[in-house]
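Asks: 3D model of this:
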Amino acid sequence: MAEDIELWKRLRDPEMTSLTESAVSNDIIEQARLRKAREAHKRRHKDYATEFYGSITEKETKRKRIREVLKCQMKRQDDSWRQQLRNCVAESEAAVKEDKKHMETDLQQSQQRFKHLTQFRDGNKTILELKAEQRRVARLKEHAAERELLRHSPINWNKTMS
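Replies: Sure thing, here's the model as predicted:
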């Protein structure tokens, strides 16, 4: 009799193995998936049935709901578009400011370069003028020395005077 009780317990509560455990959990998951699919199918069917077979007020309420959803979508899309434009304008303003700053620095650099080059040119001019003046003074001294030599001796030794 004790053996019969053990047999009935095993038949009523089967041993749980990896196969039976996964089978049970997979079955639960599959049943939940199928239930949700049936509910979604019923909702779609109800929407289509309302569209074709519903009363005028049901059809109008459905259309009103669709219009409201479309308005919300359009508003969200417009808001995102406006935000994109604001971001674009802000970026372009930042780029314009940066460009202006770079242009100002370039202008300052070119002015400094021009100033430096004019100082360099003026320095070269003064150096050339000093050299020319020194050559002129040296030439005058040389001519004076040659005249002095000619006064003492009439022979043109350097053959500079014709």
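Asks: for Arg33, what are its contacts?
Replies: Listed by C-beta atoms under 8 Å, 6 or more residues apart in numbering, Arg33 has no contact partners. All C-beta spots, glycine's among them, are computed from the backbone N, C-alpha and C.
Asks: secondary structure element for it?
Replies: helix 18-53 (DSSP states H and E).
Asks: chain center to that helix, what's the gap?
Replies: Relative to its chain's centre, helix 18-53 lies at 47 Å (C-alpha atoms, centre = their mean, to the nearest Å).
Asks: after that helix, next one along is what?
Replies: Helix 18-53 is succeeded, C-terminally, by helix 56-152 (DSSP H and E).
Asks: now that next one: mean pLDDT?
Replies: Across helix 56-152, the average pLDDT comes to 92.
Asks: angle of that helix against helix 18-53?
Replies: Using axes from the mean of the first three to the mean of the last three C-alpha atoms, to 10 degrees, the direction of helix 56-152 lies 100 degrees away from that of helix 18-53.
Asks: sorry, back to before: could I get the average pLDDT for the helix holding Arg33?
Replies: 79.
Asks: start the count at 498, not 1, going forward
Replies: Happy to do that; since the first residue is 498 now, the last one works out to helix 515-550.
Asks: give the burial count for Gln580, as a bare number.
Replies: 10 (other C-beta atoms under 10 Å).
Asks: repeat for the one 3 residues further on
Replies: Arg583 is surrounded by 10 other residues when neighbours are defined as other C-beta under 10 Å.
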